[in-house]
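> sequence and predicted model, in that order:
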Amino acid sequence: MIKDPAAPHHSQARGGPLQQGRSRDVTLPARGLLFDNDGVLVDSEVSVVRSWSRWAVDHDLDPAKVMAAVPGRRAADTVAVFVAPAEAEESVALITRYELEDVAGTIAVPGVLDLVAQLAGVPWAVVTSGVRELATARLRVAGVPLPEVVVTAEDVAAGKPDPAGYRAAAATLGLAPADVLVLEDSVSGVAAGQAAGCRVVGIGDGALRTTADVVVRDLTGARWTGNGLLLPAAALLRVPRADG
């Protein structure tokens, strides 16, 4: 799960703080689920850091500054921050090659394989800032089955935080945005889901610095109830507001 240096301070986050000893399972009504990929379904952090650091050195850039621009963005959008337009296409191809060469260590985020196994007949999709070849390679290496709907960087004119990807996925599933839950880990991804009109579940400690409606450590113990997603008390880092 890529740490997001651009995330707002925790005090800006929505929802209620978790009170020690008073948490209970939370069930969020939904008819379908929209998952980000990296940091939500698969843990590719080591590969991402290694690949982008290698790319930064190739371009005489500070790897730390490059990594600060990576979370939640399409590779093309990150490259555009650092590289002249005339060099962008070649630079995107290079980072894509580096990441494809380094997918072997990708693993599923805890709880993902158990949750996805419950989704037979449930509308769900992956909405990722990665290109299709890389996204599908990481999912396969991690043992996560591909859903019928996968929205990737090539499918949208603008990447996250633009909501186009989540809106397109919901529409393809035949659902209104209000009827699906988005599962995200980055500032830009959470913003994209909320701008699309979806309720958002934040994944990982870093999501506490986003405006996600509810935050869990990972998806361990998450369960599809038939009418929504149950998040166990043991995984909760932030609970929804009582009025939400």
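Sure thing, it's come through. All values derive from a computational prediction rather than experimental measurement.
> residues contacting the residue nearest in space to the middle of the chain?
Nearest residue to the geometric centre of the chain (Cα atoms, centre = their mean): D36, 3.2 Å. D36 sits next to 72, 126-129, 182-186, 189, 203 when contact means Cβ atoms under 8 Å, 6 or more residues apart in numbering. In this view, the C-beta of every residue, glycine as well, is placed from N, C-alpha and C.
> show me those that map onto helices.
When DSSP state H defines the helices, the subset of the contacts of D36 inside them is G189.
> for burial, what's the neighbour tally of T220?
The number of residues packed around T220, counting by other Cβ atoms under 10 Å, is 16.
> you'd agree it is up against V109?
No - no contact is recorded between T220 and V109 when judged using Cβ atoms under 8 Å, the distance being 9.0 Å.
> spatially nearest residue to A178, not counting backbone neighbours?
Spatial nearest neighbour of A178, chain neighbours left out: G197 (5.7 Å); criterion: Cβ to Cβ, 6 or more residues apart in numbering.
> check which element follows the one helix or strand in the chain whose mean pLDDT sits lowest along the chain.
For the chain, using mean pLDDT, DSSP states H and E, the weakest element among its helices and strands is strand 16-17, scoring a mean of 54. Taking DSSP states H and E as the definition, the helix or strand that follows strand 16-17 towards the C-terminus is strand 26-29.
> neighbouring strands - and their directions - for that next one?
Within its sheet, strand 26-29 is paired with strand 228-231 (antiparallel), according to DSSP bridges.
> now do the partner strand, average pLDDT.
Averaged over strand 228-231, pLDDT sits at 98.
> show the subsequent helix or strand relative to that strand.
For strand 228-231, the following helix or strand on the C-terminal side (DSSP H and E) is strand 236-239.
> what about the helices in the protein?
In the chain, helices defined by DSSP H lie at 45-58, 63-69, 75-82, 85-100, 112-116, 132-142, 164-173, 187-195, listed in chain order.
> so for A30, which of those sits nearest?
helix 164-173 (11.0 Å; Cβ to Cβ).
> and the closest one, what's buried?
Residues 164-170, 173 are the ones in helix 164-173 that count as buried (16 or more other Cβ atoms under 10 Å).
> with stretch 197-217 instead?
197-204, 206-216.
> try stretch 179-194
Of the residues in stretch 179-194, 179-194 count as buried by neighbour count, 16+ other Cβ under 10 Å.
> and it, how far from the chain's centre?
Per Cα atoms, centre = their mean, to the nearest Å, the displacement of stretch 179-194 from the mean C-alpha position of its chain is 7 Å.
> then it to CSV, C-alphas only?
Below are the C-alpha coordinates for stretch 179-194, written out as CSV (Å, rounded to 0.1, in the frame of the first residue of the first chain):
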residue,chain,number,x,y,z
ASP,A,179,-25.8,2.0,-5.0
VAL,A,180,-22.1,1.0,-5.1
LEU,A,181,-19.3,1.1,-2.6
VAL,A,182,-15.9,2.3,-3.7
LEU,A,183,-12.9,0.8,-1.9
GLU,A,184,-9.8,3.0,-2.1
ASP,A,185,-6.5,3.8,-0.4
SER,A,186,-5.3,7.2,-1.8
VAL,A,187,-6.4,10.8,-1.6
SER,A,188,-7.0,11.1,-5.3
GLY,A,189,-8.9,7.7,-5.4
VAL,A,190,-11.1,8.6,-2.5
ALA,A,191,-11.9,12.0,-4.0
ALA,A,192,-12.7,10.3,-7.3
GLY,A,193,-15.2,7.9,-5.7
GLN,A,194,-16.9,10.6,-3.7
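> tell me how far Q194 lies from L181.
Taking Cβ to Cβ, to the nearest Å as the measure, Q194 falls 12 Å from L181.
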